[in-house]
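K.L.:
Have a look at this fold, sequence not included:
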């Protein structure tokens, strides 16, 4: 079911950011911090699954075990202290045209989870989407572009557990060059994707880019049966 979203990735955020710039003002620009590691938007950004166990281990020849995955359980709340996020999570599906739904603009303080993919903590990429802003002002992911590698994101789940992820990298890509495989492609271990808008406000009133956070599970998993 996750693969149903692959062709739709490039249109994520089409409605995530009606311009908050006043008429006559210069359009705002949102970019990831220059000091943050970011990858090629074409999809070569993410390291191959076999290389995601840590550079230090590879250098010494010692294998670092991957975190054990969790059993499936829907996310209920996202906590990203470095970005000021403490928000409820609701499920998102697909629109009739096959594009991924986005959270309602009148509930800009909520985060949406793509429910056709893995739950946070399961093996694979769990995808959470949030507004950068709306016509009413800054939204839940307004500070997401300021995250840095090593920052933590916790996801509370319906089964009462909390799984924690560590930011590995940030990407910024035009919506017409969305790194579909990097975001939705299979991974060997549990990973997290946080997606919002960035770039500039285009002539159509929408943001031109997506900003994507890639994060790896650091919480030891429990039984998966």
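P.N.:
All right, it came through fine. Please read these numbers as outputs of a predicted model, since none were measured by experiment. Residues are numbered from 1 along each chain as shown.
K.L.:
distance of residue 175 from residue 93?
P.N.:
In this view, residue 175 and residue 93 are 20 Å apart by C-beta to C-beta, to the nearest Å. C-beta here means a position set from N, CA and C on the backbone, and glycine is covered the same way.
K.L.:
In terms of neighbours, single out the busier of those two.
P.N.:
residue 175 (20 against 13; other C-beta atoms under 10 Å).
K.L.:
so the more buried one touches residue 204, yeah?
P.N.:
No - using C-beta atoms under 8 Å as the test, residue 175 is too far from residue 204 to be in contact (10.9 Å).
K.L.:
chain center to stretch 85-93: distance?
P.N.:
12 Å (C-alpha atoms, centre = their mean, to the nearest Å).
K.L.:
does the residue nearest the centre of the chain sit in a helix or strand, and which one?
P.N.:
Centroid-nearest residue in the chain, with C-alpha atoms, centre = their mean: residue 194, separated by 1.4 Å. Secondary structure from DSSP states H and E places residue 194 in strand 190-201.
K.L.:
and the next element down the chain from that strand?
P.N.:
Using DSSP H and E, the helix or strand that follows strand 190-201 in sequence is strand 207-217.
K.L.:
Direction included, what does that next one pair up with?
P.N.:
strand 162-174 (antiparallel), strand 190-201 (antiparallel) (DSSP bridges).
K.L.:
Tell me which stretches of the protein form helices.
P.N.:
Remark: helices assigned in the chain by DSSP state H are 55-60, 180-184.
K.L.:
Show me where the protein dips below the pLDDT cut-off.
P.N.:
For the chain, residues meeting the criterion pLDDT under 70 lie at 1-27, 33-64, 221-225.
K.L.:
Can you pull out the residues in contact with stretch 147-156?
P.N.:
Applying C-beta atoms under 8 Å, 6 or more residues apart in numbering, the contact partners of stretch 147-156 are 33, 35-37, 75-83, 85, 89, 120-121, 126, 128, 162-170, 192, 194, 213, 215, 218.
K.L.:
End to end on that stretch, go ahead and measure it.
P.N.:
Criterion C-alpha to C-alpha, to the nearest Å; first-to-last residue distance in stretch 147-156 is 20 Å.
K.L.:
Can you spell out which residues form a bridge with the closest residue to residue 165 other than its chain neighbours?
P.N.:
Closest residue in space to residue 165, ignoring its immediate chain neighbours: residue 215 at 3.8 Å, by C-beta to C-beta, 6 or more residues apart in numbering. For residue 215, the beta-bridge partners are residue 167, residue 192 (DSSP bridges).
K.L.:
circling back: from the contacts of stretch 147-156, list the buried ones, please.
P.N.:
With burial judged by 16 or more other C-beta atoms under 10 Å, the buried subset of the contacts of stretch 147-156 is 36, 75-76, 78, 80, 83, 85, 89, 120-121, 126, 128, 163-165, 167-170, 192, 194, 213, 215.
K.L.:
Now tabulate the strands paired with strand 207-217 in JSON lines and tack on distance to residue 112.
P.N.:
Shown next, in JSON lines, are these (distance: least, C-beta to C-beta, whole Å):
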{"stretch": "strand 162-174", "distance to residue 112": "17"}
{"stretch": "strand 190-201", "distance to residue 112": "9"}
